[in-house]
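K.L.:
Below is the sequence, then the predicted model.
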Amino acid sequence: MAIEDITRFYHNDLVVADSCGMMTVFCNQQILCRQSVSDACINFIQVEVDKTGNQVIVLSDDNGLVMGVLPSSELWKVNINNTKLTKELGPKLTVKCVLSVDLTNSHGQRSSYIMVSDCHNHVYMLQQGTIVMVLETPAVITAKIGDYPTTDWICSMNTIDLDNDGVKEVVVGCLDNSIHAIKVSPT
């Protein structure tokens, strides 16, 4: 679920998705649109807002598909199982976490990225539907809900300027209960 002013018709819109791959956008307590975006269960929703204010609803499913959509159209799709890295790892990759971030490069230019973590210690940096970088992480990025013996996990990636240098670092909570800060300097 995401709450964001996607349509700019009303204050905030509600974006929800279900286990059948259906995305629904509610505006002013009414269904604005409903569209099938995947054949699998949608497990993450993020809204990416770029530096010009354009918005994209980013969804991921159980099959490793990450897609950018608007209420009226599909913009892009990327399947993390169709990369060179996948052929090396073998089994099917699943998305464990999705985060929309704005990062600043060494020249002070801000860019919007979608960070997608998988089940094999990797973070994919996507920009406008293209994988621009793959980072290896110390562990699978995710966070456990409570102290229960369960397989229910929630997203745990965020950005913050830890060293006060004006550039945000990516902070990740991992499956092995560790927390890491990653300095990412896109070119």
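P.N.:
Received the coordinates, thanks. Numbering: from 1, shown residues only.
K.L.:
Sketch out the low-pLDDT regions of the chain for me.
P.N.:
For the chain, applying pLDDT under 70 flags the ranges 85-87, 89-91, 142-157, 173-179, 185-187.
K.L.:
what helix or strand does the residue nearest in space to the middle of it sit in?
P.N.:
Nearest residue to the geometric centre of the chain (C-alpha atoms, centre = their mean): V98, 2.3 Å. Assigned by DSSP states H and E, V98 belongs to strand 95-104.
K.L.:
Pull the distance from that strand to the chain's centre.
P.N.:
In terms of C-alpha atoms, centre = their mean, to the nearest Å, the centre of strand 95-104 is found 5 Å from the chain centre.
K.L.:
Just checking: what are the partner strands of that strand?
P.N.:
Strands that pair with strand 95-104, judged by DSSP bridges, come out as strand 110-118 (antiparallel).
K.L.:
circling back to that earlier point, mind listing what's buried in the strand holding V98?
P.N.:
95-101, 103-104 (16 or more other C-beta atoms under 10 Å). All C-beta spots, glycine's among them, are computed from the backbone N, C-alpha and C.
K.L.:
repeat for stretch 121-131
P.N.:
Going by 16+ other C-beta under 10 Å, stretch 121-131 has these buried residues: 121-126, 131.
K.L.:
now, the most widely separated pair of the residues you listed?
P.N.:
Across the buried residues of stretch 121-131, no pair lies farther apart than N121 and L126, at 17.5 Å, counting by C-beta to C-beta.
K.L.:
Quick one: residues in contact with the helix or strand containing L59.
P.N.:
Assigned by DSSP H and E, L59 belongs to strand 55-61. Applying C-beta atoms under 8 Å, 6 or more residues apart in numbering, the set of residues contacting strand 55-61 from outside is 2, 4, 6, 15, 17, 21, 23, 25, 37-50, 66-71, 75, 95, 98, 100, 114, 116.
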